[in-house]
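Peer 1: coords below, sequence missing:
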């Protein structure tokens, strides 16, 4: 109840016997409180049982600490700290899994390789914190512009990949061009400036007998072709020149 205080140790609450123990961490801190409740008819706690109950609280705290640690290890192994996107290892694992599913279900699977243009110059001119702000804004825009079934991952540096389950090459090019256009319009506040960024995008689609790493390599080749053609454009593996958007 609001305003009721329960002391550490044995006491009563609303006429019932309670035992309150701190869930102590190994460093001397407290993780929470264990509250054991007995009905009034069952009488008070047996003093001989108190050391056992206190030890139980210590074990519970250890279990909570271990679960928290495992959750943090999993988060660090899965997600990129800066952008919140999945990291390279998890992305490649999911790409392999989706490739196997696509082959099994005879469904298309496409991949976008996305690289921020002239990113080194941006870091050199404005500093790495500015570059980080641009990467975070870029990540948010890519997630916003993709479907719920898609997976966006940071493979390293300014390179991002988007896995598109069920997407034909034609649909993947449409999605890529939409992403390129939306990123081009970004206005990213930084101190007293407004920063912008463009991206080059390589598009590839799974074909017969292609491994997941070959899918990645072909997307890389298309990305390099986009860079060579002048950046801020989309190139498909099936046509290694900029996609004509009609604009």
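Peer 2: Here it is on my side, so go on. Note that this is a predicted model, so its numbers are computed, not measured. Numbering: from 1, shown residues only.
Peer 1: please count neighbours and contacts with C-alpha atoms only from this point.
Peer 2: Noted.
Peer 1: pLDDT below threshold where in the protein?
Peer 2: Scanning the chain for pLDDT under 70 picks out 1-16, 19, 21-37, 39-43, 45, 49-50, 53-54, 56-78, 239-247.
Peer 1: at 50 instead, please
Peer 2: Along the chain, the parts satisfying pLDDT under 50 run over 1-7, 241, 243, 245-247.
Peer 1: can you give me the strands in it?
Peer 2: 9-13, 16-24, 30-38, 109-116, 151-156, 159-165, 188-190, 193-195, 199-205, 234-236, 239-242 (DSSP state E).
Peer 1: burial count for the closest residue to residue 196 other than its chain neighbours?
Peer 2: With sequence-adjacent residues excluded and distances taken as CA to CA, 6 or more residues apart in numbering, residue 196 is closest to residue 187, at 5.5 Å. A count of nearby residues for residue 187, using other CA atoms under 10 Å, gives 14.
Peer 1: which residues are in contact with residue 153?
Peer 2: Residue 153 makes contact with 85, 86, 87, 88, 91, 160, 161, 162, according to CA atoms under 8 Å, 6 or more residues apart in numbering.
Peer 1: mind listing the residues bridging to the closest residue to residue 154 other than its chain neighbours?
Peer 2: If the residues on either side of it in the chain are set aside, residue 154 comes closest to residue 160, at 4.4 Å by CA to CA, 6+ apart. Legend: beta-bridge partners of residue 160 under DSSP bridges are residue 114, residue 154.
Peer 1: any figure for the gap between residue 160 and residue 125?
Peer 2: The gap separating residue 160 from residue 125 is 22 Å, by CA to CA, to the nearest Å.
Peer 1: for residue 174, same thing?
Peer 2: Using CA to CA, one gets 33 Å for the distance from residue 174 to residue 125.
Peer 1: so those two - more neighbours on which side?
Peer 2: Ranked by neighbour count (other CA under 10 Å), residue 174 and residue 125 place residue 174 first, with 15 against 11.
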